[in-house]
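Engineer: Turn this into a model:
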Amino acid sequence: MIKLRKSRERGHANLGWLDSYHSFSFSSYYDPAYMGYSVLRVINEDVIEPGRGFGMHSHRDMEIITYMLQGDLRHEDSLGSGSTIHPGDVQRMTAGSGISHSEFNASDSAQAHLLQIWLMPERDGLAPGYEEKHFPLAAKHNRWCLIASRDGRDSSLTINQSVDLYASVLEQGVPLHMPLDTGRSYYLQVAKGSLQANAHDLLQGDAIRMDGETTLELLAVTEAEVLLFDLPPHHIPATQSI
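Structural biologist: Predicted structure coming up:
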C-alpha cells in the first residue's frame, strides 16, 4: 500500500525570519491524521533568514536529526557541543533525559535551508548525546548512502531506534532501486527536484509512505535529492505531543 503526502497538504508557518513546512502535526499545526508515522514524529522543512534562528530551548526523549540542504547552521548545546554544519553534513542529537540547544543561521547574507527530523527513541531517559558527520556528494550520487542507523554501520550516524535512514542525489533520467521488507514501513521524502516513485509523480516537498511493498523504483525527472526512512511497522503509535 502506498499513500501520497503532497507538499501543499503540509502545515505551514511563516514567521518572517522562519518559513517552515510541517509534514506532521507540530506547534500550532494539528491534524489527527498526521500525528506521525511509525516512530517518525517530525519532518520540518525550514528556511531560516540570515543571522536569525532559534535561541536556547530544551527537548527530551527524542532523536533529532538535522539534514542541511543549503547554507550554514550554527549549533550550541548544554553538553558543550558547538559547531557550524554545512550542506552534506548531518547532525544527530539525542535529547534523552534533557538537553538545551540553540540553532542560528551562521550567515549574515544567505538563507539556510534544512530538514529537521524527529524520531521517537527506543526508550525514554537516555543519556543526552551529540554527533555529526559529513557525507560527500560522491557517496550519495546516483546511489543510496546510509546516513543514520541503530548500529552506526557503514560510517553512519548512530541513532537510538530501529531505523535506517538513506539519502541519494540523482541525476536527471537516472533510475534507482531499493528492495523493501514487507514487515517494515518506509517513508520517502523528496528534499529537492522531481522524480517518479513506483510510477507516482513527486515534486519537492512531496512524500510517500509504503507498507507491504516489495520494491521501490525511482526515476529522476530532474536532478533530485531524496531521503528514505526504513522504519518499524507503522502500527506502533507516534502520538507524542509537541
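Engineer: where in this structure is pLDDT low?
Structural biologist: 236-242 (pLDDT under 70).
Engineer: quick one: the helices in it?
Structural biologist: For the chain, the helices defined by DSSP state H occupy 137-140.
Engineer: right, and residue 167 touches residue 68 too?
Structural biologist: No. Using Cβ atoms under 8 Å, residue 167 makes no contact with residue 68, being 11.2 Å away. Where you see a C-beta, it was placed from the backbone N, CA and C, and this is true even at glycine.
Engineer: what sits in contact with each of the two?
Structural biologist: Counting by Cβ atoms under 8 Å, 6 or more residues apart in numbering, the common neighbours of residue 167 and residue 68 are residue 90.
Engineer: For the closest residue to residue 95 other than its chain neighbours, grab the count of nearby residues.
Structural biologist: Nearest in space to residue 95, with sequence neighbours left out and distances taken as Cβ to Cβ, 6 or more residues apart in numbering, is residue 59 at 3.8 Å. Residue 59 has 18 neighbours, counted by other Cβ atoms under 10 Å.
Engineer: same deal with residue 53?
Structural biologist: Per other Cβ under 10 Å, the neighbour tally for residue 53 reads 19.
Engineer: Repeat that for residue 144.
Structural biologist: Residue 144 has 18 neighbouring residues, counting by other Cβ under 10 Å.
Engineer: quick one, what contacts the residue nearest to residue 95?
Structural biologist: Listed by Cβ under 8 Å, 6+ apart, the contact set of residue 59 reads 93, 95, 98, 99, 100, 101.
Engineer: for it, which residues make a bridge with it?
Structural biologist: residue 99 (DSSP bridges).
Engineer: Equivalent analysis for residue 130, please.
Structural biologist: Here residue 130, judged by DSSP bridges, has bridge partners residue 93.
Engineer: how about it, what does it touch?
Structural biologist: Contacts of residue 130 by Cβ under 8 Å, 6+ apart are 77, 79, 81, 91, 92, 93, 94.
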